[in-house]
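J.: Structure for this input, please:
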Amino acid sequence: MYRVLLVDDHPVVITACRWLLNEAGIATLIEAHDAESGYDAFVRDRPDAAVIDLRLQGDEFGGIRLIERMRSHDPRARILVFSMLTDPRIVRSAIDAGASGYLLKDAPPHELPKALEQVRTGGTYLAPELATRIALLRNESDGNLPTSLTPRERQALALLAEAKSYQAIADQLGISYKTVINLTYRLRQKLGARSLPDLVRLAVEMARPGL
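T.: Okay, the predicted model is just below:
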């Protein structure tokens, strides 16, 4: 028996998950209904695993940002996404942000305890149909941004292409100055940029409508 943090803003989902996990012998379920309370509970209660919906209070990427915060606080965090979103780019972004598994909410009920156990014990879980879509996504040759970039990294890259300062990016995205520095560092690593000016140059070249 172990402790699980469930972050979801739908009471019926929480009730169903509580019943399924109790039936599977998981004694303690910690509830949170938004990203901020979810992060606070994660830091305070140190659960063995977390189950997170990506769309929290209408924010499609709220869960992804929460995953990034959790993994930044604890790189060993075991996180399972539980979502209705099937877009392979979103799935890829969630995994890149630090999720170890991705389960769809229309999966058979027995899959939740199974997926959670795989993630909790250090493994990964990805529904076969999602794995196929992601594999196809990797094979796309559209010449655009790497699919490994998270939504927040894409936002930062677009603002760099507009020659925005670190502080301006922080203000526009509602994040700290230090977080912007960390974002640009990750972008440099992922895009192979040698310096900040080189990253800005790449950002300008990669900028496309709808980024």
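
J.: looking at this protein, which helix or strand is least sure?
T.: The helix or strand of the chain with the poorest confidence is helix 128-138; it has a mean of 60 (mean pLDDT, DSSP states H and E).

J.: Can you tell me which helices and strands whatever helix or strand comes next after that helix packs against?
T.: Helices and strands here follow DSSP states H and E; after helix 128-138, the next one along the chain is helix 151-161. Helix 151-161 is packed against helix 62-73, helix 166-173, helix 177-191, helix 196-206, with contacts defined by 3 or more Cβ pairs under 8 Å, 6 or more residues apart in numbering; DSSP states H and E. Every residue, glycine included, has its C-beta placed from N, CA and C.

J.: From the centre of this protein, point out the most distant residue.
T.: Ranked by distance from the centre of the chain (Cα atoms, centre = their mean), the top residue is Pro197, with 28.1 Å.

J.: what residues are up against that one?
T.: Applying Cβ atoms under 8 Å, 6 or more residues apart in numbering, we find Pro197 in contact with no residue.

J.: Make 136 the first number, not 1, from now on.
T.: Will do, 136 is the new start, and the previous item becomes Pro332.

J.: picking that back up, looking at the helices and strands packed on helix 286-296, which is nearest to Ala151?
T.: Comparison of those against Ala151 by Cβ to Cβ identifies helix 197-208 as nearest, at 18.0 Å.

J.: what sits up against that closest one?
T.: Residues contacting helix 197-208 (Cβ under 8 Å, 6+ apart): 142, 169-170, 173-174, 177-178, 185, 187-191, 212, 214, 216, 218, 225, 228-229, 232-234, 285-287.

J.: ok and it relative to helix 312-326, angle-wise?
T.: On the basis of axes from the mean of the first three to the mean of the last three Cα atoms, to 10 degrees, helix 197-208 is oriented at 90 degrees to helix 312-326.

J.: quick one, helix 197-208 and helix 301-308 angle?
T.: Put simply, helix 197-208 runs at 130 degrees to helix 301-308, going by the same axes, to 10 degrees.

J.: Domain parsing of this protein, as residue ranges.
T.: The record's domain split for the chain, according to automatic domain parsing, is 138-273, 286-341.

J.: and these, which one is worst for confidence?
T.: Least confidently modelled of the domains of the chain is domain 286-341, at a mean of 83 by mean pLDDT.

J.: start to end distance for stretch 151-166?
T.: For stretch 151-166, the separation between the terminal residues is 12 Å (Cα to Cα, to the nearest Å).

J.: Check the secondary structure at Asp144 for me.
T.: Put simply, Asp144 is coil when judged by DSSP: H, G, I helix; E, B strand; the rest coil.

J.: Touching, it and Ala170? I think so.
T.: No. Applying Cβ atoms under 8 Å, one finds Asp144 not in contact with Ala170, separated by 9.6 Å.
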